[in-house]
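J.: what's the 3D shape of this:
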Amino acid sequence: MKKCLNKIEKKKKFEELIDQLTSSGPGKIFSSKISSKANSINRNKKFSLVFDSAIEEIKKQGIKNNFISNCSLYEALIYKFGNSNKHQIFWKISLRIYRELKRINYQDDILGHFVKFSQGLKNSKFIYSPLRRSFCFFGAILLKRILKLDRLRLICAQCVDYSLGFVELGHFLTFNLMLIAIASDIANESNKQILFFANIYKNLPPIINFNLLSSIKNNEKNLKKNYNKDLNLIIKEIEGELNRREIEKGKKYIIM
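T.: This is a model prediction of the structure:
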């Protein structure tokens, strides 16, 4: 194992860890031993309140429905223009966006996992404590969604770059302007969702972060800080971009 990894290698290791933690699902969520101690019950009640708050936030944001209209647009474009543009590079990248959208929409049911956990706590009257590995799973699925959204917004940026090149040349003008508009809308929504899920991750019990890091092998202890650094770099990059856009928007209003 190298002592010092570059940014791409660190991010790859981070993604491998998250995939490993989420590949087999949550498995058994609660301990089979009854714990009737007041401290244990109160702790489980706090867990329930935190997860209920996260569930309400996810429902309020309508996360699962925010990309549906974009998926429908791509499906209509594929039906009408798929064959005639299949060799164009801007179209190939647009199809990558569509595939990523489908993965995000249909593969990771974060809300379903959170609801199942919260209902399980309440149904057991808080006497069955969650297992440590189940907390690790909840932290991992949030991070996995953040990484997928980060990858999606970068593909959108690539799509816009290629389409702008064709627009400057005056080739496939209307079609590329439409692809730019769709990709920009998806990238903007991805930015918002990254910050949203990062905030939920930070507000979950600290035990989640502890278990996620403790799952790394002992001989990789020197990489622990790098995993969180990669996540923070993604978040800071998005926050900086959103702040820049707000400043530019303010300047436009001043000029007008």
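J.: what about the protein, any weak spots by pLDDT?
T.: By pLDDT under 70, the weakly predicted segments of the chain are 1-10, 64, 107, 205-256.
J.: quick check: longest helix of it.
T.: helix 132-169 (DSSP state H).
J.: what about that one, distance to the chain center?
T.: Offset of helix 132-169 from its chain centre (CA atoms, centre = their mean, to the nearest Å): 7 Å.
J.: any idea which helix or strand comes after it?
T.: Downstream of helix 132-169, the next assigned helix or strand under DSSP states H and E is helix 173-203.
J.: which other helices and strands contact that next one?
T.: helix 38-61, helix 68-81, helix 89-106, helix 132-169, helix 224-255 (3 or more CB pairs under 8 Å, 6 or more residues apart in numbering; DSSP states H and E). Every residue, glycine included, has its C-beta placed from N, CA and C.
J.: that helix to helix 68-81, inter-axis angle?
T.: Per axes from the mean of the first three to the mean of the last three CA atoms, to 10 degrees, the angle that helix 173-203 makes with helix 68-81 is 150 degrees.
J.: okay, the angle between helix 173-203 and helix 132-169?
T.: 160 degrees.
J.: buried residues in helix 173-203?
T.: 175-176, 178-180, 182-183, 185-187, 189-198, 200-201 (16 or more other CB atoms under 10 Å).
J.: equivalent analysis for stretch 20-30, please.
T.: 21-22, 26, 29-30.
J.: need the contact partners of it.
T.: With contacts defined as CB atoms under 8 Å, 6 or more residues apart in numbering, stretch 20-30 is touched by 108, 113, 116-117, 120-121, 124, 128-131, 133-134, 136-138, 140-141, 144, 212, 215.
J.: can you say which of those are buried?
T.: 108, 113, 117, 121, 128-131, 134, 136-138, 140-141, 144, 212.
J.: what's the closest of those residues to Ile58?
T.: Nearest to Ile58 among those, counting by CB to CB, is His113 at 10.8 Å.
J.: is it correct that that closest one is in contact with Phe138?
T.: Yes. Look at His113 against Phe138 with CB atoms under 8 Å: they come within range, at 6.8 Å.
J.: re the thing from before, out of the helices and strands packed on helix 173-203, flag the one nearest Glu15.
T.: helix 132-169 (6.0 Å).
J.: what are the buried residues along the closest one?
T.: 134-153, 155-156, 158-160, 162-163, 166-167.
J.: cool, and stretch 67-82?
T.: 67, 70-71, 73-74, 77-78, 81.
J.: any idea how far that stretch is from the middle of the chain?
T.: 22 Å.
J.: now swap in stretch 63-70 and tell me
T.: Chain-centre distance of stretch 63-70: 14 Å, with CA atoms, centre = their mean.
J.: check stretch 131-151 too.
T.: 8 Å.
J.: can you check stretch 160-179 too?
T.: So, by CA atoms, centre = their mean, the centroid of stretch 160-179 is 29 Å from its chain's centroid.
J.: so which residues make contact with it?
T.: Contacts of stretch 160-179 (CB under 8 Å, 6+ apart): 77, 81, 85, 88-90, 93-94, 159, 180, 183-184, 187.
J.: let's see that with 6 Å instead.
T.: 89-90, 93-94, 180, 183 (CB atoms under 6 Å, 6 or more residues apart in numbering).
J.: report the contact partners of Phe51.
T.: Per CB under 6 Å, 6+ apart, neighbours of Phe51: 114, 117-118.
J.: which residue, other than its chain neighbours, is closest to it?
T.: Ser118 (4.5 Å; CB to CB, 6 or more residues apart in numbering).
J.: same thing with Arg43?
T.: Going by CB to CB, 6+ apart, Arg43 has Ser129 as its nearest residue, at 7.6 Å.
J.: and that neighbour, which of the three is it?
T.: Under DSSP: H, G, I helix; E, B strand; the rest coil, the three-state class of Ser129 is strand.
J.: look up how far Phe114 lies from it.
T.: 17 Å (CB to CB, to the nearest Å).
J.: next: Gly82.
T.: Between Gly82 and Phe114 the computed distance is 37 Å (CB to CB).
J.: good, wrapping up.
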